[in-house]
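K.L.:
Sequence unavailable; structure follows:
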């Protein structure tokens, strides 16, 4: 057994771990009636491991169980030089790998300012507050 499941401490092989996780996520989706066929579902894609796993899981389960969802990836570019570049490249690879449409919204498009421009105007004090508020409203 290669993996110890945090949920129950059971030791399972990698394939069994994936199968159990997919079964549990599917059960949660169906039992809670989370989605309806034909709905557009946006997967917030940062390019990190959590959003990448979510994109893969939703793609796999949508195809396997015929949810009938229109899945799309959405990423936010804050406009911080050197901050989002690598992760946006990961998101673009995810788009190709999972064959999902991708929309990248920028703070510049949404608010008329990048975070770099805001920092130039207000300095570094409270810049995290601006970024957090903008991100939640995007």
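P.N.:
Perfect, thanks for sending it. Predicted model, so just to flag it, every value in this text is computed and none were measured.
K.L.:
Point me to the helix or strand that includes residue 134.
P.N.:
Element membership of residue 134, judged by DSSP states H and E, is helix 127-137.
K.L.:
Mind giving me the packing neighbours of that helix?
P.N.:
If you count contacts as 3 or more CB pairs under 8 Å, 6 or more residues apart in numbering; DSSP states H and E, helix 127-137 packs onto helix 107-111, helix 115-122. (Glycine included, C-beta is placed from N, CA and C.)
K.L.:
mind putting those helices in CSV, distance to residue 30, mean pLDDT and mean neighbour count included?
P.N.:
Formatted as CSV, the helices and strands packed on helix 127-137 follow (distance: least, CB to CB, whole Å; pLDDT from 0 to 100; neighbours: other CB atoms under 10 Å):
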stretch, distance to residue 30, mean pLDDT, mean neighbour count
helix 107-111, 35, 91, 16
helix 115-122, 40, 89, 15
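K.L.:
With distance to residue 32 added, can I get these in a markdown table?
P.N.:
Output for the helices and strands packed on helix 127-137, formatted as a markdown table (distance: least, CB to CB, whole Å):
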| stretch | distance to residue 32 |
| --- | --- |
| helix 107-111 | 31 |
| helix 115-122 | 36 |
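K.L.:
Can you tell me the SS state at the residue nearest to residue 65 when sequence neighbours are not counted?
P.N.:
Nearest residue to residue 65 in three dimensions, chain neighbours excluded: residue 26, at 6.0 Å (CB to CB, 6 or more residues apart in numbering). Of the three states, residue 26 takes helix under DSSP: H, G, I helix; E, B strand; the rest coil.
K.L.:
Next, the contact list for residue 26, please.
P.N.:
The neighbours of residue 26, taking CB atoms under 8 Å, 6 or more residues apart in numbering as the test, are 61, 64, 65.
K.L.:
Okay, now the unreliable bits of this structure?
P.N.:
Where the chain drops to pLDDT under 70, the residues are 1.
K.L.:
Quick check: buried residues in the longest strand seen in the chain?
P.N.:
Secondary structure of the chain per DSSP state E: the longest strand is strand 70-77. Across strand 70-77, burial judged by 16 or more other CB atoms under 10 Å covers 71, 73, 74, 75, 76, 77.
K.L.:
I'm done for today, thanks for sticking with me.
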